[in-house]
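*Asks:* model this:
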Amino acid sequence: MRASDRAYATLLDEIQSGTLPAGAVLGEVEQASRLGVSRTPLREALGRLAADGLVTQQSPRVTVVTGIDRDDIRALFEVRRALEEAAARLAAVRADAATFAALAAEFAATESTAASAAELAGEDALDAYYALIARFDAALDASVSNDYLTASLRSVRTHLVRVRRLARDNPARLAASVAEHRLIASAIAAADADLAAHATHVHLHNALASILTSLDAAADLDHITTLTAQGAA
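*Replies:* Residues are numbered from 1 along each chain as shown. Reported below is the predicted structural model:
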């Protein structure tokens, strides 16, 4: 792997995981030293992240991680809804039915083996669930046979990883998402394009509503914490 690719992969993972939060300063000298690369490959990596919309350059040698707020999330979901509903329709026409029937069975098994919503939120269960989602996305991409559509979906998913962190602490939402994905996969397997698109629309509506609710709750908690600190002072 080239040094620039290695630096890009590391920084991308750290931004998506929240290790490098919004507003984090990525000084050229410091990051090159930390990642064990020279400045040229680091600049290439930062350029790719800027093209992804994940960082912005404040000065020739200082880059910061971009933020993501309610308006960004709403805009992301507008694009996501258009792309994923179109992909679901195409997959229902073009996909191998057996592939999506098998995925639907895996989602059903995930539903039945989780004795409770809280159990699904365990770290191992979460990792397994998101791995299943990744396989579903890969099967969807392969089925639509449209490079322009799948390239756009990959761009959206790059940002979606950051947003999904907001759902990891909501066991009830995760459990509902499993059932929603099962329905989408079943509709594609049954070659029902209308149902596949509608089920995708409902899933994305619920996902956005849950994320925005989580943001509101976090904002309220921050406000209470600030007032408590001011009172203590």
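
*Asks:* What residues does the closest residue to Ser155 other than its chain neighbours make contact with?
*Replies:* Excluding its sequence neighbours, the residue lying closest to Ser155 (CB to CB, 6 or more residues apart in numbering) is Asp52, at 7.3 Å. C-beta: built from backbone N, CA, C; applies to glycine. Contacts for Asp52 (CB atoms under 8 Å, 6 or more residues apart in numbering) come out as 12, 155, 158-159.

*Asks:* can you list the domains in this protein?
*Replies:* Split into domains by automatic domain parsing, the chain comes to 3-65, 70-221.

*Asks:* Dump those to CSV, plus mean pLDDT.
*Replies:* What follows is the domains of the chain, written out as CSV (pLDDT from 0 to 100):
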stretch, mean pLDDT
domain 3-65, 91
domain 70-221, 88
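
*Asks:* Okay, the residue nearest to Ser155 and Gln16: tell me how far apart.
*Replies:* Counting by CB to CB, to the nearest Å, the separation of Asp52 from Gln16 is 10 Å.

*Asks:* Now the common contact residues for these two.
*Replies:* In contact with both Asp52 and Gln16: Thr158, using CB under 8 Å, 6+ apart.

*Asks:* for this structure, what spans make up the helices?
*Replies:* Assignment of helices within the chain using DSSP state H yields the ranges 3-17, 28-35, 39-52, 70-94, 97-113, 117-120, 123-144, 147-164, 171-189, 193-232.

*Asks:* which one of these lies closest to Thr63?
*Replies:* Smallest distance to Thr63 across the helices of the chain (CB to CB): 5.2 Å, for helix 39-52.

*Asks:* buried ones in the closest one?
*Replies:* 41-46, 48-49 (16 or more other CB atoms under 10 Å).

*Asks:* Give me the angle between that helix and helix 28-35.
*Replies:* Here helix 39-52 points in a direction 100 degrees away from that of helix 28-35 (axes from the mean of the first three to the mean of the last three CA atoms, to 10 degrees).

*Asks:* Done for today, thanks.
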